[in-house]
Structure formats: structure tokens, C-alpha cells
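Peer 1: Okay, predicted coordinates and the sequence, questions at the end:
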Amino acid sequence: MPTLRQVQQRFTADILAYARGHQSPSQAARHLRVPAGVDWQTRLDIYRNGYPARILESLGEAFPATANILGDGSFANLVRRYLAGVDLHSYNLNDVGERLADHCRADPLSEELPFLGDLASLEWAILRAFHSRDREPVDPTAFATYDMEDWERAVLEFQPSLAVVESAWPIRDLRDTMNVDRADIAIDLVDRPQVVLVHRRGLDVDVRVIDRRERDALETMRSGVTLASAMENLHQAGQSPEDVMRMFGAWIADGLITAVRLASAYEPIAKS
């Protein structure tokens, strides 16, 4: 007799194979106990069919705009192709869509809908932000006594939920179609790139379009360099200190900054 672990592994492999479209004979069936009058195939099919159905439901909740734009049939087919091509390594359904955006970029649907992968990336960032643990925003009074030397050595730390998604397509507008009837979706896609900032705010997720200047400032500050180095890099890119400080004030107000750390005097000012 196989061990319990071996039976569980065979049962799992059976369900995963079926979800990926393989109709191989069951490796676990002979170990199943079923009530009188019920055959093992019927019992096994409950799990075989229930597993991909639950994943489809979960992905539909995680990627509502993608699912709405595609429609039920096309989205279900996309999910089937996705499951057939990826290995799932988490028991948490919240993780099942981790590679869907990459899959969308290679899927045949992307020929007709080239924005699909970027839209899925945005929806994935929103999902991750929603499930992210908030950190306490920095208290501005904590650095009220900083002098100029302190600020030059300052390194900003940001909320874990913060993400920036950039696309050649208007992905923020496309995401807003998740509750729009498919027949009524009409969005101009031509020459409308968007950079979208995503972060958690309480029990909600804030999703807003930002310009490339703020994107560059955020990417520079989040890279772990000191404020002096960041300001120098941004100045060389054409950004004024006044503009950067206005952004800094907005990030503080939005609770995006969780700490202002002073780098060691022996720590390199810039990272190569």
C-alpha cells in the first residue's frame, strides 16, 4: 500500500493533469473509497472539474477588466492555455495569477489586443497592493530637526504596496472598463501611453496616472540612493529641486514614505 503522502501526490497530479487538458488514466482512483452506488469516476470528476473552475473564478476576480474585455468564453480559453503552460507553486489562490501578464504577452490574443499583457500587469499590481501589509507612514516631525547635511545623507523608504506600471497603452482607462458593458467599451488606444501609480490606502487601492517626471523621481528615490545623489541625478535629467520637493510633500501626504533613514558617513552616496 502507498503511504498517505504518495496517495495525496498522485491525487494532486491527477487533478493538475486534467486541468492542463491531459486525459490520462487516474493514478489515485484505485485508492479512493466511495459510497455504495457511486463510482469513483464521478467522485474524482468533482475535484477534476472543481479545481480549474475555482482557478477561473479566482482569476476573474483578480483580473476583472481583462476578463470583461475578453468576455467569458475568451477569458476561459485564455485561462486554460495559461494553466497548460505554467507550473503553480503556491497553495494560495491569490498567487495563481502571478505569471498571467507574461502569458498574455505571448498569447495569440495579444496580436489583436496588444495591450492585454500591460493591463494584466496593472491588475496584478492592484491585487498585490490590496493584499500587501501597510507600514506606518513616516511622521514628518521625526525629521524636523534635520540640517542640510542630514538631508544629503537621507534615504527614503516606501510602502511595500507601491508599484509603478508603465505602458504604451491607456491601461488606467482600460482598467476602468471592468464594470462597463462590452458593447459600450470605446477607448481611443492610439498614442496614449500611461504611467500608473498603485498603492494601498486603508482598505482601498489608489490607482492614478502620473507623468514621467514623477515616475523618474520615484524610481530614483526607491533605488536606495541618498537624497543628495538622487537630487543630482534628477537635476541632470532636467528636474528642478522645487518640483522634486513638491512631489516629496505629496508622497508624505499620501503616506507613501514609511521612513527617512540617514546613511552612514562611510556609506557611498551613489550606487553604481
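Peer 2: Perfect, I can see it now.

Peer 1: Residue 200 and residue 216, how far apart?
Peer 2: Residue 200 is 23 Å from residue 216, where distance means Cβ to Cβ, to the nearest Å. In this view, the C-beta of every residue, glycine as well, is placed from N, C-alpha and C.

Peer 1: do residue 256 as well
Peer 2: According to Cβ to Cβ, residue 256 and residue 216 sit 16 Å apart.

Peer 1: Look at residue 200 and residue 216 and report which has more neighbours.
Peer 2: Using other Cβ atoms under 10 Å as the criterion, residue 200 and residue 216 rank with residue 200 on top: 21 against 17.

Peer 1: Quickly find the element holding that one.
Peer 2: In the assignment (DSSP states H and E), residue 200 maps to strand 194-201.

Peer 1: packing partners for that strand?
Peer 2: Secondary-structure packing of strand 194-201 (3 or more Cβ pairs under 8 Å, 6 or more residues apart in numbering; DSSP states H and E): helix 116-131, strand 163-167, helix 171-175, strand 204-210, helix 212-222.

Peer 1: a markdown table for the ones you listed, including mean pLDDT and distance to residue 47?
Peer 2: Formatted as a markdown table, these follow (pLDDT from 0 to 100; distance: least, Cβ to Cβ, whole Å):
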| stretch | mean pLDDT | distance to residue 47 |
| --- | --- | --- |
| helix 116-131 | 97 | 26 |
| strand 163-167 | 97 | 35 |
| helix 171-175 | 97 | 34 |
| strand 204-210 | 95 | 33 |
| helix 212-222 | 95 | 44 |
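
Peer 1: can I get these in CSV with distance to residue 195?
Peer 2: Converted to CSV, those look like this (distance: least, Cβ to Cβ, whole Å):
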stretch, distance to residue 195
helix 116-131, 11
strand 163-167, 5
helix 171-175, 9
strand 204-210, 5
helix 212-222, 5
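
Peer 1: do you know which of those lies nearest residue 140?
Peer 2: Nearest of these to residue 140, taken as Cβ to Cβ: helix 212-222 at 16.2 Å.

Peer 1: Helix or strand next in line after that closest one, which one?
Peer 2: The helix or strand immediately downstream of helix 212-222 is helix 227-236, counting by DSSP H and E.

Peer 1: got the CA coordinates for the strand holding residue 200 in PDB?
Peer 2: Extracted as PDB, the C-alpha positions of strand 194-201 are listed here (Å, rounded to 0.1, in the frame of the first residue of the first chain):
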ATOM      1  CA  GLN A 194       0.200  55.900 -19.400                       C
ATOM      2  CA  VAL A 195       2.300  55.600 -16.300                       C
ATOM      3  CA  VAL A 196       0.200  54.400 -13.400                       C
ATOM      4  CA  LEU A 197       1.000  54.600  -9.700                       C
ATOM      5  CA  VAL A 198      -0.600  52.000  -7.500                       C
ATOM      6  CA  HIS A 199      -0.600  51.900  -3.700                       C
ATOM      7  CA  ARG A 200      -2.900  50.800  -0.900                       C
ATOM      8  CA  ARG A 201      -4.800  53.500   1.100                       C
END
